[in-house]
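Novice: Fold the stuff below for me.
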Amino acid sequence: MNVFRDAPQLINAWLDMLWAERGVSEHTRAAYGRDLIAFSAYCEGVGKDLGQVAREDILTYLGTRHAAGHSARSSARALAALRGFYRHCLRQRLIAHDPVALVDNPKIPRPLPKSLSERDVEALLDAPDTETPIGLRDRAMFELLYACGLRVSELVELSMSQLNLRQGVVRVFGKGSKERLVPMGQAAEQWLDRYLHTARPQLLPMGESDACFPGRSGNAMTRQTFWYRIKHWAKVAGIEKPLSPHTLRHAFATHLLNHGADLRVVQLLLGHSDLSTTQIYTAVARARLQALHDEHHPRG
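Specialist: Here you go, the predicted structure:
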């Protein structure tokens, strides 16, 4: 008896197993189901059933998806569904060989980080009302974030003992508790000094916290609160571009490269363990330079 003749039943049995044994979400279950039904229809169109599929059929199918305009991410999900389904069939001894075993996953291009122009950054830095303690705190946070390229978690978790204004550096504990020293630059140092001597004592009248940037509770500000603050001041500054919590970190790296900084120096400042992680910013810098060339060059 050829169990593959009733493809929908076989597919549903595998999907039910995924839900019962692995707890996959209904969204994933439905997506995998659509992918497998689509592949089953393709096989039927070329005169095969799911049990007769070879590696070459998988590759040809992926090629037809690409030609039809499907994204690499969409095809990667479809291949994940096929991979799981055929592994299940192999364990159940419904097939002798797994046709997906030697098929590589499609390469999914990494999205470019969202960044801001230097003009946008200046507008964002100037947005907070520095005549108020909270506004001055926010200005100091933005200046330090942009000057040092910190992760938001690194910024909000900063303690007073990590700052050295005399030497102009901040000691940062990044992912995996890796420590790095990052220069903060003159502008950030001046704003931080002003904040620490005027606004922070007002935000912490009892001085009971070591948090550099306290929230309303007196404890270290949460990442969610900082995200709210940056969105608020971006709106005040009239910035309509999409932002992320790491917008200023991305701008820090991109602007350094635009001005000729060495990639390995940027890697050290960002705290990346792998240079390939930093290299994505070279694409952002090239894209920005290309846009400037197209806009301003007479033959752009």
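
Novice: Please, which helix or strand holds L144?
Specialist: Using DSSP states H and E, the element containing L144 is helix 133-148.

Novice: Please apply the same query to L62.
Specialist: helix 55-67.

Novice: ditto for V170
Specialist: Secondary structure assignment for V170, by DSSP H and E: strand 169-173.

Novice: Flag every buried residue along that strand.
Specialist: 169-170, 172-173 (16 or more other C-beta atoms under 10 Å). All C-beta spots, glycine's among them, are computed from the backbone N, C-alpha and C.

Novice: How far off centre is it?
Specialist: Offset of strand 169-173 from its chain centre (C-alpha atoms, centre = their mean, to the nearest Å): 23 Å.

Novice: where along the stretch 151-300 of the chain do the strands fall?
Specialist: Remark: strands assigned in the stretch 151-300 of the chain by DSSP state E, counting those that start in this stretch are 163-164, 169-173, 179-183.

Novice: returning to what we had before: name the residues that touch the helix holding L144?
Specialist: Residues outside helix 133-148 that contact it (C-beta atoms under 8 Å, 6 or more residues apart in numbering) are 121, 124-125, 128-130, 150, 152, 155, 170, 172, 182-185, 187-188, 191-192, 194-196, 198-200, 202-203, 213, 226, 229-230, 233, 248-249, 251-252, 269.

Novice: From the residues you listed, which land in helices?
Specialist: Residues of the contacts of helix 133-148 located in helices (DSSP state H): 121, 124-125, 152, 155, 187-188, 191-192, 194, 200, 202-203, 226, 229-230, 233, 248-249, 251-252, 269.

Novice: By neighbour count, sort out the buried ones in those residues.
Specialist: Buried among those (16+ other C-beta under 10 Å): 121, 124-125, 152, 155, 188, 191-192, 200, 203, 226, 229-230, 233, 248-249, 251-252, 269.

Novice: Quick check: the residue nearest to N105 when sequence neighbours are not counted vs L124, distance?
Specialist: Leaving aside its chain neighbours, N105 sits nearest to A76 (5.5 Å; criterion: C-beta to C-beta, 6 or more residues apart in numbering). Computed as C-beta to C-beta, to the nearest Å, the A76 to L124 distance reads 36 Å.

Novice: can you check A188 too?
Specialist: 14 Å.

Novice: picking that back up, who are the packing partners of the strand holding V170?
Specialist: helix 133-148, strand 163-164, strand 179-183 (3 or more C-beta pairs under 8 Å, 6 or more residues apart in numbering; DSSP states H and E).

Novice: what does it contact?
Specialist: Here strand 169-173 makes contact (C-beta under 8 Å, 6+ apart) with 144, 148, 150, 154, 157-158, 162-164, 179-184, 271.

Novice: hmm, try it at 10 Å
Specialist: Outside of strand 169-173, the residues within contact range by C-beta atoms under 10 Å, 6 or more residues apart in numbering are 144, 147-151, 153-155, 157-159, 161-164, 178-184, 188-189, 192, 212, 269, 271.

Novice: Now the buried members of these.
Specialist: Among those, the ones that count as buried by 16+ other C-beta under 10 Å are 144, 147-151, 154-155, 157-158, 162-163, 180, 182, 184, 188-189, 192, 212, 269, 271.

Novice: same question for stretch 18-35, mean pLDDT?
Specialist: On average, the pLDDT along stretch 18-35 is 84.

Novice: Grab the CA positions of it and hand them over as CSV.
Specialist: C-alpha atoms of stretch 18-35 as CSV (Å, rounded to 0.1, in the frame of the first residue of the first chain):
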residue,chain,number,x,y,z
LEU,A,18,4.4,18.4,15.8
TRP,A,19,1.6,20.1,17.8
ALA,A,20,1.2,17.2,20.3
GLU,A,21,4.9,16.3,20.9
ARG,A,22,6.8,19.6,20.2
GLY,A,23,4.2,22.2,21.0
VAL,A,24,4.7,24.2,17.8
SER,A,25,2.4,27.2,17.5
GLU,A,26,-0.8,27.1,15.4
HIS,A,27,0.8,29.8,13.1
THR,A,28,3.8,27.6,12.4
ARG,A,29,1.7,24.5,12.0
ALA,A,30,-0.5,26.3,9.4
ALA,A,31,2.5,27.6,7.5
TYR,A,32,4.2,24.2,7.3
GLY,A,33,0.9,22.7,6.2
ARG,A,34,0.6,25.3,3.3
ASP,A,35,4.2,24.7,2.3
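
Novice: List phi and psi for the closest residue to M221 other than its chain neighbours.
Specialist: Nearest residue to M221, sequence neighbours excluded (C-beta to C-beta, 6+ apart): G215, at 4.2 Å. Main-chain dihedrals, G215, degrees, to the nearest 10: phi -90, psi -160.
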